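> Okay, structure incoming, though there's no sequence with it:
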């Protein structure tokens, strides 16, 4: 088991370094094109009446971009208004923010750029351009959520506009043909992240799924027996047998099936459940948005910490790490769901409660990630509920019956007689003892 865990860790590190090495040149190139956040001046924003939004293009000259890329918006009369600005009529183009379909992206300010335009036989300099980076900040989260809700399956078709913060975007030069562009959501970065998530999940299922089992002694389980009118748990031994699976696909992904294994642990499975959900959500959000810094939330880390403490508490109850107090498993594995929902006495409600709340919060977590491309902000009530559920499970988990290493105390008369002290040896040796020579 530990050898498989090391193998899984090594493969995961190699794949992670691969995706980082592939994306590092892109990240470095994007950061050198311009500042991600352009801080405006402190003066009051005012826009001349003759400005009009005319055209929008990406840095590659196309109308298709991904989140995190930079776009350029042509504002007719921008350079002239900048040159004619006075102290009485100030104008700073860096105060303008980006509008998408009329929704303001706060803190996404423009940066004046120069574009070389081909005109007949010569190249013309055009200074009526502003550059914006399509990044999502904390203040623009609501606008992005609305845009993502209006998106189709693969992209967002948006009308670009500029204007002062907390106001209305300036008009377009041609209302019948506004400046439009397309934000592609499922780019190569998304597919690469998705492949990494699937690879990690498949490798875990193939090589490390047995780490989700109980930490009891392998091959030792408990069996209920009634001895002298008292119900006791007697340790029994079971041989670990290999059994080939019927389907070749199952053989490839799951390997050989071993019988009489320890049951799956609810707390460890719960920790793995949240670990993979948060890990997968992080990579998927990065693959779509291109942002890898403002993804994890404090609530998601608290949720992961609660489940880590639960798994640690369960290991202490089972006596893991202390061979003198280490117990055998409660029973032989009967299947994943049967193992996590029941102990040796059958299905327990505290296990069922922990299971349903974990599934409910997990589905809500995934839904928010898919809908808003952001990890949800759990309130204190939900986190407290998760903590109460974990504490209830630990408290009642310690009262569950476990297997024993030592044999039970004898209760029958025969057992009591068998443990009585033997009589002292006789002083005179038996007459039939041939070791004594005859007289």
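The structure has been received and is ready for your questions. The structure presented is a predicted model; accordingly, all values stated were derived computationally and were not measured. Numbers count the residues shown, from 1 in each chain.
> so residue 156 bridges to which residues?
In this entry, residue 156 is beta-bridged to residue 183, by DSSP bridges.
> quick one: it and residue 150, what's the gap?
Distance of residue 156 to residue 150, given as CB to CB, to the nearest Å: 7 Å. The way it works is simple: take the backbone N, C-alpha and C, and place the C-beta from them, glycine included.
> Of these two, which one has the most company?
Using other CB atoms under 10 Å, the more surrounded residue of residue 156 and residue 150 is residue 156, with 21 against 11.
> how close does that one get to residue 278?
Plainly put, residue 156 is 26 Å away from residue 278 if you go by CB to CB.
> Same check on residue 210?
With CB to CB as the criterion, residue 210 and residue 278 are 22 Å apart.
> Between those two, which is the more surrounded one?
Between residue 210 and residue 278, counted using other CB under 10 Å, the more crowded position is residue 278 (19 against 15).
> so which strand or helix has that one?
Following DSSP states H and E, one finds residue 278 within helix 266-289.
> helices or strands next to that helix in the packing?
helix 188-203, helix 298-317, helix 336-341, helix 349-372, helix 380-397 (3 or more CB pairs under 8 Å, 6 or more residues apart in numbering; DSSP states H and E).
> again, 7 Å this time
helix 188-203, helix 298-317, helix 349-372 (3 or more CB pairs under 7 Å, 6 or more residues apart in numbering; DSSP states H and E).
> quick one, what contacts the closest residue to residue 264 other than its chain neighbours?
Distances taken as CB to CB, 6 or more residues apart in numbering put residue 339 closest to residue 264, at 4.0 Å, once the chain neighbours are dropped. The contact partners of residue 339, taken as CB atoms under 7 Å, 6 or more residues apart in numbering, are 263-264, 333.
> Looking at these, state which has the most neighbours.
Counting by other CB under 10 Å, top hit in these: residue 263 with 24 neighbours.
> so that one makes contact with residue 333?
Yes - with contact defined as CB atoms under 7 Å, residue 263 and residue 333 form a contacting pair (4.5 Å).
> Buried residues, stretch 125-135. List them.
Residues 128-135 are the ones in stretch 125-135 that count as buried (16 or more other CB atoms under 10 Å).
> end-to-end on stretch 44-58?
Criterion CA to CA, to the nearest Å; first-to-last residue distance in stretch 44-58 is 29 Å.
> What mean pLDDT does it get?
The average pLDDT within stretch 44-58 is 86.
> how does the chain divide into domains?
In terms of domains, the chain is parsed into 44-184, 191-409 (source: automatic domain parsing).
> If you average pLDDT over each of those, which is lowest?
What stands lowest among the domains of the chain, in mean pLDDT terms, is domain 191-409, with a mean of 78.
> For the stretch 101-250 of the chain, which segments count as strands?
Taking DSSP state E, counting those that start in this stretch as the criterion, the stretch 101-250 of the chain contains strands spanning 103-109, 111-119, 122-133, 155-163, 180-184, 217-227, 230-237, 241-243.
> looking at these, which is closest to residue 384?
strand 103-109 (31.9 Å; CB to CB).
> and the closest one, what other elements does it pack with?
Other helices and strands packing on strand 103-109, by 3+ CB pairs under 7 Å, 6+ apart, are strand 97-100, helix 141-149.
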